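> Return a 3D structure for these sequence lines:
(2 chains)
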Protein chains: 2
Amino acid sequence: MAGKNLLIVHGGGPTAVLNASLYGAVARARECPEIDHVYGAIGGTEAIFTGNFVDLKTVPEEKLRLLLQTPGSAIGSSRFHLEPEDYERMPALFEEKNIGYVLLTGGNGSMDTCGKIFKACGERGIRVGGIPKTMDNDLAVTDHSPGFGSAARYAAATVREIGADVRSLPIHIVLVEVMGRNAGWIAASSALARQNPDDAPHLIYTPEVPFDEQEFLADVKALFDRLGGVVVVVSEGLVDKEGKNVVPPLFTIGRSTYFDDVSTYLRNLIVRELGVKVRNEKPGLCGRASIAFQSPVDRDEARLAGEKAVEAVVAGETGFMVGFRRLDGPEYAIETMLVPVEQVMLDEKKMPRSYLNEKGNDVTQEFLDWARPLIGGELTEFVHFN
Amino acid sequence: MAGKNLLIVHGGGPTAVLNASLYGAVARARECPEIDHVYGAIGGTEAIFTGNFVDLKTVPEEKLRLLLQTPGSAIGSSRFHLEPEDYERMPALFEEKNIGYVLLTGGNGSMDTCGKIFKACGERGIRVGGIPKTMDNDLAVTDHSPGFGSAARYAAATVREIGADVRSLPIHIVLVEVMGRNAGWIAASSALARQNPDDAPHLIYTPEVPFDEQEFLADVKALFDRLGGVVVVVSEGLVDKEGKNVVPPLFTIGRSTYFDDVSTYLRNLIVRELGVKVRNEKPGLCGRASIAFQSPVDRDEARLAGEKAVEAVVAGETGFMVGFRRLDGPEYAIETMLVPVEQVMLDEKKMPRSYLNEKGNDVTQEFLDWARPLIGGELTEFVHFN
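Predicted coordinates for the structure are as follows:
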């Protein structure tokens, strides 16, 4: 008896391990007699309508394994917006291609899409599942999401390196802007950079705590006076106590308003108010695309999530997202679970307040203990004599 | 008979392999019976006057070897400006500490200092040498300088990673700003990122070629229309055909004028003129502090430069900078040479025009052939199906 085909669709911005989930799903699917072709949707959900699929069933293993070390999405992705009538068209399109299994890899937006595809296809026997993916770590229910551990490792390793540079020539304040529009998980993870007290990062600001410019300037000045070189990590999306973007609008074109980067805005603020040298750095996309700083734990978990999603749909499950549950015990360990996808649709998980210190300009030991295993091993050890 | 002491002084901004030169110098000096103490000047030239030295003679080898994997300067550095009377005071200060050998590691500014110390001390039998160090690769006479190969590897590897990200979700133009105020060596090296035609970087702009905004916009638009995702690498110091900074002044405080980053300025220009999505990234200090992207060739050569400088002063040489001469032949190989330090003092080496294409928005094969060996091996191979 011929099997059904599997379709894998990526959604939203990529991570350093999105392709590792693809590898896990494809490798597992190739072992399943229930699955015939293993299709990748080229360029995201749009391919459902155009039929632009690549068959990954017969790709040589040697080539497929390169997925584990390739950032981005090797089958493309999209931010294509779907209308209710698009979902209604899907069951017939899937049936036409003999697709019995659909897996969506993505964050909140993609899990919303996943849930809607599930609703549209549930009664037609097409099984639909989600594979978590977000560098921002803002998916609900799961302990953490694939993509985050690598983004966290990048932030920590990079800030340790910048810290070594600034310590050698302590003449300026360096602002490092990291991704995280609504949640500060990545900025917080930069705290794992520290080898010793007074190591960078010296201050960390996240969207979870209202940003106060006067307190910020006072904190920066006190550290600059004591250390000479100060490294400050800021999430891209800082807001004030009214919940407003701390960066004022720069210009408007049509109905779009543009803003300076928060690190640029704060650089100018420090220069004007404190009159000291400031640099602003923004690694931006590097932070979600770095293979050199890929966390091996993250990569392995991303692959596992892909494998488990395939196993689940083959076993008859549908309407779920694979999640991670952390196990108790002195050693880090997780198990996977299937979370009903409606529990994660568009629900943004922020950092709990207990992960941030009282002043809101650093993390707590509780956060460090939670985050450390996810970056997958120690960072490079540095030495200094000054 | 007791030997003389060696003093090693770092100047200017650090690189990913500055400490490798320190390792080379210290390791070689510890083997020389002519050398007694091996002092590191803590915090650069200022230590000559304060006597703030660390003795590296007896540091355990295991700890010393961490220098090879530590960015920044493990003994600190400075941009301390020296006056003529400071140089006049030096011979007596050196004699007081029994210092017979002085080595300066640095770029143009530090080689200027090195030459002036040589002039001040030459007749007192104190031998003075320079160890090249600059990520910018703008030191004259030498084929290239330690620090550059790692900065080049960082630029190439990072742009390959960003390219994979942008290819997956080709919805925007990404501007990547790299260091290089007056010379485009680092921006040019990003071209080593390419695995295939149409791979990132799609455009490269350097300070050597006058920047024309209208041509820039036309080039970006044509590529965006064809590819959807475009990666543009820009040197931080672009100038127009009058030699003026392309970025207009942002604000002035006292006698200092502040400018936006060139990537921020160009982002706003593209948004206003082309109305498409743009991201601007600026890894900044990461590009000179990354150990993950340290070039092994660069690290080994940095170490060699430190060793050779020690051997030279012990052998009676003075007033030199160690340089590299590239040997003919199919395999990459260099030999060291001693360059009279006055030949390199404050002389900034720009890219030859033959290394840049006629339009001035990309490099030539001649440049790629020259640069490729310096990044120390192939970059991570990526795969894609889209």
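> contacts and neighbour counts: CA atoms only from here.
Fine.
> what's the burial count for A:Glu61?
Counted with other CA atoms under 10 Å in any protein chain shown, the neighbours of A:Glu61 add up to 11.
> right, and A:Glu177 touches A:Val262 too?
Yes - counting by CA atoms under 8 Å, A:Glu177 touches A:Val262, with 7.3 Å between them.
> Find residues that contact each of those two.
By the contact definition CA atoms under 8 Å, 6 or more residues apart in numbering or on different chains, A:Glu177 and A:Val262 are jointly contacted by A:234, A:236.
> Longest helix in chain A, please.
helix A:148-168 (DSSP state H).
> ok, and does that one reach over to chain B?
Yes - counting by CA under 8 Å from any CA of the partner chain, chain B is contacted by helix A:148-168 at A:158, A:161-162, A:164-168.
> Give me the average confidence score over that helix.
When pLDDT is averaged over helix A:148-168, the result is 98.
> Kindly report the same for stretch A:84-95.
Mean predicted confidence for stretch A:84-95 is 97.
> Mind listing what's buried along it?
Within stretch A:84-95, the residues scored as buried using 16 or more other CA atoms under 10 Å in any protein chain shown are A:87, A:90-91, A:94.
> Also stretch A:364-379?
Judged by neighbour count (16+ other CA under 10 Å), stretch A:364-379 contains these buried residues: A:364, A:367-368, A:371-376, A:379.
> Sheet partners, orientation included, of the next helix or strand after the longest helix of chain A?
Next in sequence after helix A:148-168, counting helices and strands by DSSP states H and E, comes strand A:173-178. Within its sheet, and counting by DSSP bridges, strand A:173-178 is paired with strand A:230-235 (parallel), strand A:278-281 (parallel).
> can you list contacts of the longest one?
For strand A:230-235, the external contacting residues (CA under 8 Å, 6+ apart) are A:159, A:162-163, A:166, A:170, A:172-181, A:183-184, A:186-187, A:190, A:200-207, A:220, A:223-224, A:262-263.
> I'd like to know which of these are buried.
For the contacts of strand A:230-235, buried by 16+ other CA under 10 Å: A:159, A:162-163, A:166, A:170, A:172-180, A:183-184, A:186-187, A:190, A:200-207, A:220, A:223-224, A:262-263.
> tell me the contacts of the most centrally placed residue in chain A?
Taking CA atoms, centre = their mean, the centroid of chain A lies closest to A:Met135, which sits 0.8 Å from it. By CA under 8 Å, 6+ apart, A:Met135 lies in contact with A:15, A:145-151, A:186, A:288.
> How about A:Pro207?
A:181-184, A:235, A:237-239.
> Skipping adjacent residues, who's closest to it in space?
Counting by CA to CA, 6 or more residues apart in numbering or on different chains, A:Pro207 lies nearest to A:Leu238, which is 4.7 Å off, once chain neighbours are set aside.
> phi, psi of that neighbour?
phi -80, psi 140 (degrees, to the nearest 10).
> isn't it right up against A:Phe211?
Yes - using CA under 8 Å, A:Leu238 is in contact with A:Phe211, at 6.5 Å.
> Tell me which of those two has more neighbours.
A:Leu238 (25 against 22).
> Can you tell me how far the more buried one is from chain B?
18 Å (CA to the nearest CA, to the nearest Å).
> Now do that residue, the pLDDT please.
Value for A:Leu238, per-residue pLDDT: 96.
> right, and A:Leu139 touches A:Gln343 too?
No - with contacts defined as CA under 8 Å, A:Leu139 does not count as touching A:Gln343, sitting 9.8 Å away.
> So between those two, which is more surrounded?
Shown here are A:Leu139 and A:Gln343; by other CA under 10 Å, A:Leu139 has more neighbours (27 against 16).
> measure the more buried one to B:Asp225 for me?
34 Å (CA to CA, to the nearest Å).
> Find the helix or strand that A:Asn182 is a member of.
Short version, using DSSP H and E: A:Asn182 is in no helix or strand.
> Now the phi/psi pair for it, please.
Residue torsions, per degrees, to the nearest 10, at A:Asn182 are phi -120, psi -10.
> neighbours of it, just the number please.
Residues lying near A:Asn182 (other CA under 10 Å) number 20.
> Surely it and A:Lys350 touch.
Yes - counting by CA under 8 Å, A:Asn182 does reach A:Lys350; the two are 7.4 Å apart.
> what sits in contact with each of A:Leu238 and A:Phe211?
Common neighbours of A:Leu238 and A:Phe211 (CA under 8 Å, 6+ apart) are A:205, A:246.
> Where does A:Asp369 fall, secondary structure wise?
helix A:365-371.
> try A:Gly40
strand A:35-41.
> quick one: is that strand near chain B?
No - if you take CA under 8 Å from any CA as the test, strand A:35-41 misses chain B, and the best it gets is 8.7 Å.
> list the helices and strands that strand packs on?
strand A:4-10, helix A:18-30, strand A:53-55 (3 or more CA pairs under 8 Å, 6 or more residues apart in numbering or on different chains; DSSP states H and E).
> I'd like the next helix or strand past it.
Toward the C-terminal end, the helix or strand that comes next after strand A:35-41 (DSSP H and E) is helix A:46-50.
> Give me the residues contacting the strand or helix carrying A:Ala120.
Taking DSSP H and E as the definition, one finds A:Ala120 inside helix A:108-121. Residues from elsewhere that reach helix A:108-121 (CA under 8 Å, 6+ apart): A:11-12, A:82, A:87-88, A:90-91, A:103-105, A:127-130, A:138-139, A:318-319, A:321, A:341-342, A:344-348.
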